[in-house]
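Would you be able to build a 3D model of this:
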Amino acid sequence: MKLTAILLFCFVMQVSSKGFSQKVNLNVRNAPLAAVFEEIRKQTGFSFMWDEKTIRISKPVTIRIRSNS
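The predicted structure follows:
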């Protein structure tokens, strides 16, 4: 019985991890950090919260992300 429960748990976890995988492609050069967060939100649905003062003083960022899943 315990073995069945463990195997069932492992199977369910594997299925749920496949459901959460997403493709994210991001290529920005010298962009404001808020713009990067907004693009990630558009592609993934994940929202970010930040302190406006911190974002204002942050330097532009360059990010290149290409993901298969």
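
Please, where are all the helices along the chain?
2-20, 33-44, 52-57 (DSSP state H).

Just the CA trace of stretch 48-58, in PDB.
Only the C-alpha atoms of stretch 48-58 are listed here, as PDB (Å, rounded to 0.1, in the frame of the first residue of the first chain):
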ATOM      1  CA  PHE A  48       6.500  41.000 -10.100                       C
ATOM      2  CA  MET A  49       6.200  43.500  -7.300                       C
ATOM      3  CA  TRP A  50       8.900  46.100  -6.700                       C
ATOM      4  CA  ASP A  51       9.700  49.300  -5.000                       C
ATOM      5  CA  GLU A  52       9.400  52.100  -7.500                       C
ATOM      6  CA  LYS A  53      12.300  54.000  -6.000                       C
ATOM      7  CA  THR A  54      14.600  50.900  -6.500                       C
ATOM      8  CA  ILE A  55      13.500  50.500 -10.100                       C
ATOM      9  CA  ARG A  56      14.000  54.200 -10.800                       C
ATOM     10  CA  ILE A  57      17.700  54.000  -9.700                       C
ATOM     11  CA  SER A  58      18.500  50.700 -11.400                       C
END
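
Give me the contacts around it.
Residues outside stretch 48-58 that contact it (Cβ atoms under 8 Å, 6 or more residues apart in numbering) are Pro32, Leu33, Ala34, Phe37, Ile40, Arg41. In this view, the C-beta of every residue, glycine as well, is placed from N, C-alpha and C.

average model confidence for it?
In this model, stretch 48-58 carries a mean pLDDT of 85.
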